[in-house]
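> dropping a prediction and its sequence here:
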Amino acid sequence: MSVMWHEIFEQPQALARTFKAERAHAEEFAKLARKKKFRLIVLVARGTSDNAARFGRYLLEVTTGIPCSLSAPSVHTLYHARLDLRQALVVGISQSGEGADVNLVLKSARRDGAFTMGITNERGSTMARLVDEVFLVHAGKQHTVAATKTYTGQLLAFYLLAAALGSHITLETVSEIPGRVKETLRLDDEIRALVERYRYMRQCVVVSRGVNYANAYEFALKLIETCYVLAGRLSAADLMHGPIALIEGGFPVFVLMPPGKVFQTLKSLVERLVSLQAEAVVFTSEGAHLPAGVSRAIRLPGEIAELYTPIPYIVPGQLFAAHLAEAKGLNPDKPRGLQIVTRTV
């Protein structure tokens, strides 16, 4: 099996380590946050970490009420704009902590009055040294280019940050996530068998909405970088505003459809996909009632509130990409033209 596959299976332990190591840190940061009274949160990242930031934006706005935006690094690195970031929390997210553009944004933000924070897997990184506060992901060394355990570790760090800044996230429930992931990994054999159907897939769309919207981006990225599949990633709402014209008979559409506020919207979309005779593959819960005609359904075990679904719900996508790459005769550990650390400005 690939190193990517092994790192996917390391996630329950990596998540448990991160939670244990950073829980008290989150509780301590809550005291500082009350004094700072942040009025704005800005997230800056690239690649997989940018997908984690996309999740963070949803989670933080929903649970804290603080407006949250995704930074455009070029505003700082190319246009050298001066922003008023007083009472702002600017968070950089990077597996390696060595993304040059992300770190330049953090330096610029600090100059402009922001309180800066890093979320990284590397304690001794440039990012960890330059920010005011750092939350560490304790995932262990990442050996494969395609990030898996560091991505879910970053999501866990956002739960800890959300718990520090608001009252809607309970650390007790967050502590259950590693066990949820362990249960989800039992789907491995089912997913390995499923990918054979998609051995020759060259294009597809991945769809979700709400707190799992980031996972649509992350699943698609894994298909792009490890399987060389042209994978679009869209919210259900955006798909209906034009791109639905792309969908025809047999076109693969992967839908991340957890229980909760987004379920009915996504169920309506799936019904439309079935009417178009698309190849609709749905990732959902054990008890979900799906429309007739769904091509395939991957059902995650147990019941979990929607806010806490994103980490378990990306795991089947990670497994799918790892197995599909091998079915295609590709090495998911060393995608062509890529390195673990990518430096851009």
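It's in.
> any idea how far the nearest residue to Lys37 once chain neighbours are set aside is from Tyr313?
Spatial nearest neighbour of Lys37, chain neighbours left out: Gln87 (6.5 Å); criterion: CB to CB, 6 or more residues apart in numbering. In this view, the C-beta of every residue, glycine as well, is placed from N, C-alpha and C. Applying CB to CB, to the nearest Å, the value for Gln87 to Tyr313 is 34 Å.
> what do you get for His76?
Distance from His76 to Tyr313, by CB to CB: 33 Å.
> one step back: and Gln87 and Tyr313? which has more neighbours close in?
Neighbour comparison, Gln87 and Tyr313: the larger count goes to Tyr313, with 26 against 13 (by other CB atoms under 10 Å).
> can you tell me which residues contact that one?
Tyr313 sits next to Asn212, Asn215, Leu256, Pro258, Phe283, Leu300 when contact means CB atoms under 8 Å, 6 or more residues apart in numbering.
> does the third one touch Ala214 like I think?
No. Counting by CB atoms under 8 Å, no contact exists between Leu256 and Ala214, whose distance comes to 9.9 Å.
> strands along the stretch 1-150 of the chain, start to end?
In the stretch 1-150 of the chain, the strands defined using DSSP state E, counting those that start in this stretch lie at 40-45, 68-70, 88-94, 115-120, 133-136.
> helices and strands around the longest one, which ones?
Where contact means 3 or more CB pairs under 8 Å, 6 or more residues apart in numbering; DSSP states H and E, strand 88-94 is packed against strand 40-45, helix 47-64, helix 100-111, strand 115-120.
> taking helix 47-64 as reference, get the angle to the longest helix belonging to the chain.
Counting by DSSP state H, the longest helix found in the chain is helix 11-36. With axes from the mean of the first three to the mean of the last three CA atoms, to 10 degrees applied, the angle from helix 11-36 to helix 47-64 works out at 50 degrees.
> and helix 11-36, what's buried?
11-19, 22, 25-26, 29-30, 33 (16 or more other CB atoms under 10 Å).
> out of the residues you listed, which one sits closest to Ile66?
Lowest distance from Ile66 to the buried residues of helix 11-36 (CB to CB) belongs to Ala33, with 9.7 Å.
> my read: that closest one touches Leu165, true?
Yes. The criterion here is CB under 8 Å, and Ala33 meets it with Leu165 at 5.4 Å.
> for this structure, give me the ranges with low pLDDT.
Judged by pLDDT under 70, the chain has its weakly predicted residues at 337-345.
> mind jotting down where the helices sit in it?
Per DSSP H, the chain has helices spanning 3-9, 11-36, 47-64, 73-77, 100-111, 126-130, 149-165, 171-174, 177-184, 188-195, 213-227, 236-240, 263-275, 310-327. These are given in chain order.
> and Gln203, which of these is closest to it?
Closest approach to Gln203 among the helices of the chain (CB to CB): helix 213-227, 9.6 Å.
> which elements pack onto that closest one?
Applying 3+ CB pairs under 8 Å, 6+ apart, we find helix 213-227 packed against helix 47-64, strand 203-208, strand 230-235, strand 252-256, helix 310-327.
> cutoff 10 Å now
Using 3 or more CB pairs under 10 Å, 6 or more residues apart in numbering; DSSP states H and E, the elements in contact with helix 213-227 are helix 47-64, helix 149-165, strand 203-208, strand 230-235, helix 236-240, strand 252-256, helix 310-327.
> in JSON lines, list these along with distance to Met4.
What follows is these, written out as JSON lines (distance: least, CB to CB, whole Å):
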{"stretch": "helix 47-64", "distance to Met4": "13"}
{"stretch": "helix 149-165", "distance to Met4": "10"}
{"stretch": "strand 203-208", "distance to Met4": "18"}
{"stretch": "strand 230-235", "distance to Met4": "17"}
{"stretch": "helix 236-240", "distance to Met4": "28"}
{"stretch": "strand 252-256", "distance to Met4": "18"}
{"stretch": "helix 310-327", "distance to Met4": "5"}
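> quickly note the distance from the nearest residue to Thr226 once chain neighbours are set aside to Lys222.
Residue nearest to Thr226 in three dimensions, not counting chain neighbours: Pro332, with 3.9 Å by CB to CB, 6+ apart. To Lys222, Pro332 is 8 Å away according to CB to CB.
> what does Arg272 give?
Arg272 is 26 Å from Lys222, by CB to CB.
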